[in-house]
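Student: okay, here's the prediction I keep looking at, along with the sequence it came from:
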Amino acid sequence: MFIGEYNHNLDAKGRLIMPAKFRACLGDRCITTRGLDHCLFVFPLEEWRILEEKLRNLPLTKKEARAFSRFFFSGATECELDGQGRILISPSLREYAKVSREVAIIGVSSRIEIWSADRWDEYCTGAEGNI
């Protein structure tokens, strides 16, 4: 399970160090994709397979289901954690989430979310009024 909030910096090559507490649950490989609210979702392979099965069972006759599947799967990329516990975030995913340097890494139960630090601060400020 992923819990907690961590702040790290993206390096010049687009690599991000995953928090040590998250690495054991991630294993050697993970899937990174576009998330909701303009963040990135990171899934361990096992969690990705569970989600993939659920999305595969959505009805093709529903326009919204097709749109969500396209959005989710087309942005997905398999990442390997290197020897220093870093993943490479593709340029297209960095652009989608507007991550350039300062990043917030958020544990959300079965997944990790990667946010631009500024966007995460804005989101938290707005969310406080809705909770």
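Tutor: Received, thanks.

Student: contacts only, for the residue nearest to residue 109 when sequence neighbours are not counted.
Tutor: Spatial nearest neighbour of residue 109, excluding adjacent residues (Cβ to Cβ, 6 or more residues apart in numbering): residue 1 at 5.9 Å. For glycine as for every other residue, the C-beta is placed from the backbone atoms N, C-alpha and C. Contact analysis of residue 1 by Cβ atoms under 8 Å, 6 or more residues apart in numbering lists 25, 107, 109, 110.

Student: report the two of these separated the most.
Tutor: 25 and 109 (10.8 Å; Cβ to Cβ).

Student: residue nearest the centroid of this structure?
Tutor: With distances taken as Cα atoms, centre = their mean, residue 41 lies nearest the centre of the chain, 1.9 Å away.

Student: ok, that residue to residue 30 distance?
Tutor: 10 Å (Cβ to Cβ, to the nearest Å).

Student: cool, residue 46 as well?
Tutor: Taking Cβ to Cβ, one finds residue 46 at 10 Å from residue 30.

Student: shaky segments in the chain?
Tutor: Counting by pLDDT under 70, the chain shows low-confidence ranges at 129, 131.

Student: quick check: neighbours shared by residue 25 and residue 109?
Tutor: In contact with both residue 25 and residue 109: 1, 2, using Cβ under 8 Å, 6+ apart.

Student: looking at these two, which one has more neighbours?
Tutor: Comparing residue 25 with residue 109 by other Cβ atoms under 10 Å, the one with more neighbours is residue 25, at 16 against 9.
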